[in-house]
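Q: Predicted coordinates and the sequence they were generated for:
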Amino acid sequence: MLSSSRFSLKFLKQFLCHFFGYFFLTSLILTICQLKAETLEQFSQDDWRTYGGNLSSHRYSSLDQINADNFEDLQIAWRFNTDSLGPRPDGLYSATPLYVDGVLYTTAGTRRDVVALDPGTGELLWMYREDEGDRGLAGARQGAGRGLSYWESSDGQEKRLIYVTPGYRLIALDIHTGRPVQDFGINGVVDLKLNFDQDLDPLDNGIGLNATPLIVDDVVVVGAAHRPSTDVRSKWSARGYVRGFDVRTGKRLWIFHTIPLKGEFGYESWEGKAEENGNVGVWSQMSADPQLGLVYLPVEMAAADYNGYNRPGNGLFGESLVALDVHTGERRWHFQTVHHGLWDWDLPCAPIIFDMQKDGKVIKALAQPTKSAFLFVLNRETGDPIWPIEELPVPQSESKYEDTSPTQPFPTWPLPFDRQGVTKDDLNDLTPSLRAEAEVLVERYRLGPIYTPPALGRPDGVLATLMLPSQVGGANWPGGSFDPISNRLFIHSHTAVAELINTPEDMLPFNRGPEGELPELNNAAPGLGLRTRRGQTFLQGTIPIIKPPYDRITAYDMNNGELLWQKAHSTTEDHIRNNPALIGVEGVDRLGAYGRIFIGTLTTSTLLIAGEGAVHTNEQGQKVALLRAYDKDTGDDVPGTIEMPAKQTGSPMTYLHKGKQYIVLSVTYEGEKSGAEILAYALP
Amino acid sequence: MCNLKVLNFIRRIKSALALKVLTWINLVTISFTLLLAMLSACVYSQEVKFREAHATRGQDLYYTHCISCHGEALSGFDQAPALAGPKFFSSWQKASLQSLVSKMSSMPPDQPESLLQSQLVDILTYILWFNEFPMGHDELTDDPKKLNEIYFCIKEC
């Protein structure tokens, strides 16, 4: 009886939802599309051969079949569910597929299988699966990863797909058969935990990679990623050196020590502690300029994320953009974006490479978006700033053990693409009562400008420092996109606060024990009772303490650095929109999605396209996330939005297959309905 | 005029008879709600009860098995979702506590199925405490059948 009653209830609810869902769907008016025939041959690109669309990371396509006149007519052409490809469903499917010679390739599922799909139907053509056992399960970066890299020989006879497994092995597959290339490494595999200038246990879980390698000419450049490094003991983690491998043989060609060895440039910046520190990997995507022979590495920070007691100095090449000769690994130049970081503001994404038209000259430039919402614009040949970047004084730590940098670099131009630092002017004022609540709540926290360091924890002190942008950004791993015709750059960013945890007042610099053992931490010791809660920065339980919008897209003219437009991107999430405190409040339908979302944009010759990173409930009671398109000149919404069944997690790409343009992206479900799939959209 | 507001987890353990009656009442209520507001909702009863000692046990387990990916603030990282905050509640709306416990059983990724049901419930209790559910004097059951009857829920007013 119990189960049948529940069944009846469930059935009726489903029936009603479906009935009204179909009612609304069938009442939609479909318009007839008009295809534009404009093409720009010089940027014609039917294929999509790298994660970022090209080595410049433009995420751009000259295709124009899908445009403002017909965007609202897009329909799901096919979908590919990845849940069965691995021991559990993917929790954040971040891959962008490649389209090469009429076939779609990507990684999928938590085993990070490689699949070849029919681009017109989604049919599985072949699959390659590696079961790495405990090694794979112990990898620092799980899940499907961001996808594959493609290489073909100059005569076009050899074509390979290359990727890094969860267990940190580099594998080369024959693109036609999906089988490992036997003359690459050992039977198609290079063990990345070997030949690494450090000794690592194969089952060590401290290192891995979910980014795609970058292939420039015949060199495969591979970075390294680590587990989260909030624990101060993580300074003893593996080092995130970057290596170049021969794409034909898998032989290591060079290694770049992101933490310099004694005698190497930058060693002194660690003030004698270089040997005692780890991390400093490149977990983001990279870019390259093959004509200059340079690869650009966005390097992460040193461990630990919020405590620098054991890493005095600026710690090169932490949080630096480094240009290497791709054939030798020799450093050409570097630019450090954060000195002695205490905020987890790693460089998160590939720099965008472009040729700037300035004062009648062409300047080889690049633009590096950051988590801290700056856009560092540099000459990519020399590393010199295009516009002045000033070293300005910043707040200093109260701890005598923290070697806070006295200054940090501030680009004078372009303007930041998101808010930086927190004052009372940033508090939520959607209603007077929310503003009043925010003013009370904020008394628990320390406020300050960007680069305010962690406070010392005292019994009567503040709970934490409010940090804006948060450690999620600003920008994050999806990075931006770029229109090379108009030299316009587009970047999605978050506006969210994080609690920058206090440094315990009694904490001292620490060392390993006499037997090399790690020190115990008070905060992990059992028997101390429940600790302080964090993350309580919401009003009425669900509304962020700061003003909206909570995610946005910004457009720049990269010839002069002008910010062209900026716009809230996502529909307001249910838990904010339905809060009783906002009943009757106008203008709250598009406040943006708050917090941990990851949105990459796609630029075509006609549109800027991006999905939402969070779901909301539509009029039919369905959880949906919208696929949106914008006018590139104005940021105006293109008529119509497409309802997706889950949030965008993998940045969209596009291709032309048998005369039809497709837009493909990865989405991930959350909560009880977990899992991920690839969605392909096309015109009817 | 009915509106939605987010509540904490809601407990719904009832006798079979009471459940039958209430379920039909709920059925009618929800049907009208759907018709009028095009919104779906589920019903609720009393608050979850758990003891501080239970959450403390869960904290110890969390710091041993979970913190390296989900973080001290339960804010998540990469593949590891956030386990606190309104977005977490929203994504688990209408799901039972046991469905979350079942998902937790595949964790940590390098040692799936290694934690006992009782340990997973300990960690769940810590998550509840972290999300400011009020503590009481009762232990939260670790019986999967009973946990299947406790839901994340939206409340109609």
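A: Yep, that arrived. Numbers count the residues shown, from 1 in each chain, chains lettered A, B, ... in the order given.
Q: Which residue ranges of chain B form helices?
A: Listed in chain order, the helices of chain B (DSSP state H) span B:16-37, B:52-65, B:67-70, B:86-91, B:97-104, B:117-130, B:144-147.
Q: contacting residues around the second one?
A: For helix B:52-65, the surrounding residues in contact (CB atoms under 8 Å, 6 or more residues apart in numbering or on different chains) are A:523-524, A:526, A:529-531, B:70, B:107-108, B:111, B:115, B:119, B:121-129, B:135, B:139-140. To be clear about C-beta, it is placed using only N, CA and C from the backbone, and glycine gets the same treatment.
Q: If we use 6 Å, what do you get?
A: Under the contact criterion CB atoms under 6 Å, 6 or more residues apart in numbering or on different chains, helix B:52-65 has outside partners A:524, A:526, A:530, B:108, B:119, B:122, B:123, B:125, B:126, B:129, B:135, B:139.
Q: Next: the fourth one.
A: When contacts are defined by CB under 6 Å, 6+ apart, helix B:86-91 is touched by residues A:542, A:574, A:575, A:595, A:670, A:671, B:82.
Q: again, but for the third one
A: Contacts with helix B:67-70, where a contact means CB under 6 Å, 6+ apart, come from A:227, B:76, B:77, B:80, B:83.
Q: CA atoms of it as CSV?
A: Only the C-alpha atoms of helix B:67-70 are listed here, as CSV (Å, rounded to 0.1, in the frame of the first residue of the first chain):
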residue,chain,number,x,y,z
ILE,B,67,38.3,17.4,2.8
SER,B,68,41.0,17.0,0.2
CYS,B,69,38.5,17.4,-2.6
HIS,B,70,35.4,19.0,-1.1
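Q: per-residue confidence averaged over it?
A: Taken as a whole, helix B:67-70 has an average pLDDT of 87.
Q: in it, what counts as buried?
A: B:67, B:68, B:69, B:70 (16 or more other CB atoms under 10 Å in any protein chain shown).
Q: I'd like to know which of these is nearest to residue A:46.
A: residue B:69 (39.7 Å; CB to CB).
Q: Redo the contacts of helix B:86-91 as a markdown table? Include distance to residue A:548, pLDDT and secondary structure.
A: Rendered in a markdown table, the data for the contacts of helix B:86-91 read as follows (distance: CB to CB, whole Å; pLDDT from 0 to 100; DSSP: H, G, I helix; E, B strand; the rest coil):
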| residue | distance to residue A:548 | pLDDT | secondary structure |
| --- | --- | --- | --- |
| A:542 | 13 | 93 | coil |
| A:574 | 15 | 94 | helix |
| A:575 | 14 | 93 | helix |
| A:595 | 13 | 89 | coil |
| A:670 | 22 | 91 | coil |
| A:671 | 24 | 87 | coil |
| B:82 | 20 | 89 | coil |
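Q: Just among the residues you listed, which is most surrounded?
A: Compared across the contacts of helix B:86-91, residue A:575 has the highest neighbour count, 26 neighbours, by other CB atoms under 10 Å in any protein chain shown.
Q: Isn't it up against residue A:542?
A: Yes: with contact defined as CB atoms under 6 Å, residue A:575 reaches residue A:542; the gap is 4.3 Å.
Q: Let's verify residue A:443: helix, strand, or coil?
A: Assigned with DSSP: H, G, I helix; E, B strand; the rest coil, residue A:443 falls in the helix class.
Q: And the lowest mean pLDDT element among the helices and strands of chain B?
A: Within chain B, no helix or strand scores below strand B:4-6, which has a mean of 34 by mean pLDDT, DSSP states H and E.
Q: what does stretch A:483-497 rub up against?
A: Outside stretch A:483-497, the residues within contact range by CB under 6 Å, 6+ apart are A:367, A:369, A:417-419, A:466, A:468, A:470, A:472-475, A:480-482, A:537, A:546, A:550-559, A:594-595, A:599, A:601, A:603, A:608.
Q: near chain B, which of those show up?
A: Restricting the contacts of stretch A:483-497 to those within reach of chain B (CB under 6 Å from any CB of the partner chain) leaves residue A:595.
Q: what about burial for the contacts of stretch A:483-497, which qualify?
A: A:367, A:369, A:417-419, A:466, A:468, A:470, A:472-475, A:480-482, A:537, A:546, A:550-556, A:558-559, A:594-595, A:599, A:601, A:603, A:608.
Q: Low-confidence stretches in the chain?
A: You didn't say which chain, so I picked chain A. Filtered on pLDDT under 70, chain A yields the residue ranges A:1-45, A:511-528.
Q: um, chain B though
A: Applying pLDDT under 70 to chain B flags residues B:1-48, B:153-157.
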